[in-house]
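Colleague: Generate coordinates for the sequence data below:
(one chain, ligands or ions: 2)
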Amino acid sequence: MRLHVPLLSNIFGVLASYFLLMWCHAYLGESTFSTLWMILGMLYTNVFEYGYHRVLLHMRVPCLSFLGYMRLDHLEHHYAFSKKSTSRDPKDFENILTPWYVFALLLFFHYSVALFVMPHASIISFFTGVTFQFLVLYQVNHWFTHVTDSWYDRIFEKLPFIGKRRTGQKEHHWDHHKRPDGKYSFSPPLQWFGF
Ligand SMILES: [Zn+2]
Ligand SMILES: [Zn+2]
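Modeller: Ligands and ions are numbered 1, 2, ... in the order given. Below you'll find the model as predicted:
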């Protein structure tokens, strides 16, 4: 259990940021739940994750050099899992998570833009999709992709349909670790199409 403490505190930070912002937004007026806007939020986050990983974490971008420490942290993550795909050594998990405050800053930035370009009633649905895609489909899944013999995968890999997808996701990501010049997307649906 001690191995997973960084993940649990990260989940707490991400959920606290999301609930705080959505609670503030609720004062702006009525919100209606929309599956469409939630799916749009998930798809947007999937594309953003691909670009963030491919450009910010794998390329030297002169105008973003002040964020170079993120690329170095990501290289450490690649180095930790260059010769093995999984581990239970806490040291190997020091550079695996996107810090919760990065999520909070990006959430606040995107929310500020959304206020001008999106119907206010759909904002909570959109950012619920964003948070689910980021936290569950990316952050938690990525963490357990690198945990040796995890309870998480013992459960998910037994489920019909999901189990096969989960095994495919892990192999896709381990390929990215072996050859870090492709397969940048971790989460579905882009990962299903080999991106
Ligand atoms: Zn990884
Ligand atoms: Zn990478």
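
Colleague: Which residue is the nearest non-sequential neighbour of Ala114?
Modeller: Once flanking residues are discounted, Ala114 sits nearest to Ile123: 5.5 Å by Cβ to Cβ, 6 or more residues apart in numbering. In this view, the C-beta of every residue, glycine as well, is placed from N, C-alpha and C.

Colleague: check contacts around that neighbour.
Modeller: Shown in contact with Ile123 (Cβ atoms under 8 Å, 6 or more residues apart in numbering): His25, Ser31, Tyr111, Ala114, Leu115.

Colleague: Can you read off the backbone torsions of the nearest residue to Arg54 once chain neighbours are set aside?
Modeller: What sits nearest to Arg54 in space, not counting adjacent residues and going by Cβ to Cβ, 6+ apart, is Tyr184, at 4.3 Å. Main-chain dihedrals, Tyr184, degrees, to the nearest 10: phi -70, psi -30.

Colleague: confidence score at Tyr184?
Modeller: Tyr184 carries a pLDDT value of 95.

Colleague: What's the local residue count around it?
Modeller: By other Cβ atoms under 10 Å, 20 other residues sit near Tyr184.

Colleague: ok, back up a step: and what about the residue nearest to Ala114, helix, strand or coil?
Modeller: With DSSP: H, G, I helix; E, B strand; the rest coil as the basis, Ile123 sits in helix.

Colleague: tell me the pLDDT at it?
Modeller: The model's pLDDT for Ile123 equals 96.

Colleague: I'd like to know how far it sits from Asp73.
Modeller: To Asp73, Ile123 is 31 Å away according to Cβ to Cβ, to the nearest Å.

Colleague: Mind picking the lowest-pLDDT entry from the contacts of Ile123?
Modeller: Among the contacts of Ile123, Ser31 has the weakest pLDDT, 86.

Colleague: remind me which residues of this protein are low pLDDT?
Modeller: Along the chain, segments meeting pLDDT under 70 are nowhere present.
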